[in-house]
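Chemist: Fold the following and give me the result.
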Amino acid sequence: MRAVSRSTAKKKSPPSPAMPHVLYLTKDEQKLFGKLPDSLREGWEVKEETYTRYESDAVLAMRMQMVRKEHAKNPMINDLYAKLQGGASLETMQIPSLPDQMVQEFFFTIGARGAKMFIDALMHSLTKDEDIQALADLTETRHQLLLINDRSSL
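Modeler: Numbers count the residues shown, from 1 in each chain. Below you'll find the model as predicted:
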């Protein structure tokens with residue numbers, strides 16, 4: 001995730017794809033977000049995440065097999081997936097800088113379930129604007145994946 005700081009802007013700009021001001025949060029996530037200082041919550045619109053169709057284990061396994069075939073010779077991707085499959089702690093895990101296309105493939109592979117794990121980890125360590133921007137990026141990603149799942153026949 002490439003975080004963009006809102007604090008460096010001279011005036012608040014309207015939401016744009018590069019800098020969303022919307023957080024798609026579940027009710028539980030909204031409770032945690034509501035406990036943050038006003039200075040962090042300022043300027044963010046919270047929308048309830050209403051989609052709930054998460055991927056099954058079988059769907060995620062199929063996606064992983066597809067990615068393994070496509071990126072068999074990419075050590076960064078293989079290492080990242082190996083850490084996730086091995087149960088690496090998301091709090092300590094760092095995602096390497098990947099090209100945008102690979103980031104999209106990564107999140108499609110781990111699905112909304114994986115995105116939720118990153119969101120859950122991040123929700124407990126929000127301390128600055130860049131963290132909230134990263135949260136916005138993750139919740140937008142999860143929202144889009146849930147929307148895809150809702151419209152498909154998983």
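
Chemist: Any chance you could give me the helix or strand of the chain with the lowest mean pLDDT in CSV, C-alpha atoms only?
Modeler: Every helix and strand of the chain was ranked by mean pLDDT, DSSP states H and E. The lowest is helix 75-85, at a mean of 74. C-alpha atoms of helix 75-85 as CSV (Å, rounded to 0.1, in the frame of the first residue of the first chain):
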residue,chain,number,x,y,z
PRO,A,75,11.0,-14.9,-5.5
MET,A,76,9.4,-11.8,-3.9
ILE,A,77,5.9,-13.2,-4.6
ASN,A,78,6.7,-16.8,-3.7
ASP,A,79,8.3,-15.6,-0.4
LEU,A,80,5.3,-13.4,0.5
TYR,A,81,2.8,-16.3,-0.1
ALA,A,82,5.0,-18.8,1.7
LYS,A,83,5.0,-16.5,4.8
LEU,A,84,1.2,-16.1,4.7
GLN,A,85,0.6,-19.8,4.3
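
Chemist: packing partners for it?
Modeler: helix 57-70, helix 100-123 (3 or more C-beta pairs under 8 Å, 6 or more residues apart in numbering; DSSP states H and E). Quick note: C-beta positions are derived from backbone N, CA and C, even for glycine.

Chemist: Would you indicate which residues of it are buried?
Modeler: By neighbour count on 16 or more other C-beta atoms under 10 Å, the buried set for helix 75-85 is 77, 80-81, 83-84.

Chemist: Quick one: distance of it to the chain centre.
Modeler: In terms of C-alpha atoms, centre = their mean, to the nearest Å, the gap separating the centre of helix 75-85 from the centre of its chain is 17 Å.

Chemist: relative orientation of that helix and helix 57-70 in degrees?
Modeler: 160 degrees (axes from the mean of the first three to the mean of the last three C-alpha atoms, to 10 degrees).

Chemist: roughly how far apart are residue 33 and residue 142?
Modeler: Residue 33 is 14 Å from residue 142, where distance means C-beta to C-beta, to the nearest Å.

Chemist: Neighbours of residue 103, how many?
Modeler: Close neighbours of residue 103, defined as other C-beta atoms under 10 Å, add up to 16.
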